[in-house]
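Undergrad: Coordinates for the following, if possible.
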Amino acid sequence: MVIVNGTKGYSEVVDRFIDAADAVDFATLHRSYSALIPSQPARVLDVGAGTHVFPTDPQQTADLAASFGLTEQVRLVDQPSMIKGKENVNWAYLAFCKG
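TA: Residues are numbered from 1 along each chain as shown. The predicted structure follows:
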């Protein structure tokens, strides 16, 4: 198994992370961007970069998305974590449109 730098020890605590994430109400956890989810049937991709335990750069993510023809619609950065044990983590939420 290949260990990605910055993820050492993560497998030992993944169950606790899942329990902590599940303990937070979905609507509360996602309130900062839930209004962006289309009310009409649509295709939505949740990239899930928040599962990483190493820093990611929202600008690099936006640049990569643009290279695949996606246009950035929303960028929310430095959003505080509501997950127990992740209080020192800030999240970025990015929304893109195809075309």
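
Undergrad: Tell me the helices and strands packed up against the longest strand that the chain contains.
TA: Assignment by DSSP state E gives strand 70-80 as the longest strand of the chain. Other elements packing on strand 70-80 under the criterion 3 or more Cβ pairs under 8 Å, 6 or more residues apart in numbering; DSSP states H and E are helix 58-67, strand 90-98. C-beta: built from backbone N, CA, C; applies to glycine.

Undergrad: Give me the mean pLDDT for that strand.
TA: Averaged across strand 70-80, the pLDDT comes to 85.

Undergrad: So which bits of it are buried?
TA: Judged by neighbour count using 16 or more other Cβ atoms under 10 Å, the buried positions of strand 70-80 are residue 70.

Undergrad: still on that earlier bit, want to try JSON lines for the helices and strands packed on strand 70-80, with distance to residue 82 as columns?
TA: Putting the helices and strands packed on strand 70-80 into JSON lines (distance: least, Cβ to Cβ, whole Å) gives the following:
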{"stretch": "helix 58-67", "distance to residue 82": "19"}
{"stretch": "strand 90-98", "distance to residue 82": "9"}
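
Undergrad: looking at those, which has the lowest confidence?
TA: Among these, strand 90-98 carries the lowest mean pLDDT (a mean of 82).

Undergrad: just the angle between it and helix 58-67, please?
TA: Strand 90-98 and helix 58-67 are oriented at 10 degrees to each other (axes from the mean of the first three to the mean of the last three Cα atoms, to 10 degrees).

Undergrad: re earlier: listing partners with orientation, what would you give for the longest strand of the chain?
TA: Next to strand 70-80 in the sheet, as set by DSSP bridges, lie strand 90-98 (antiparallel).

Undergrad: how far is the partner strand from where the chain is centred?
TA: Strand 90-98 sits 8 Å away from the centroid of its parent chain (Cα atoms, centre = their mean, to the nearest Å).
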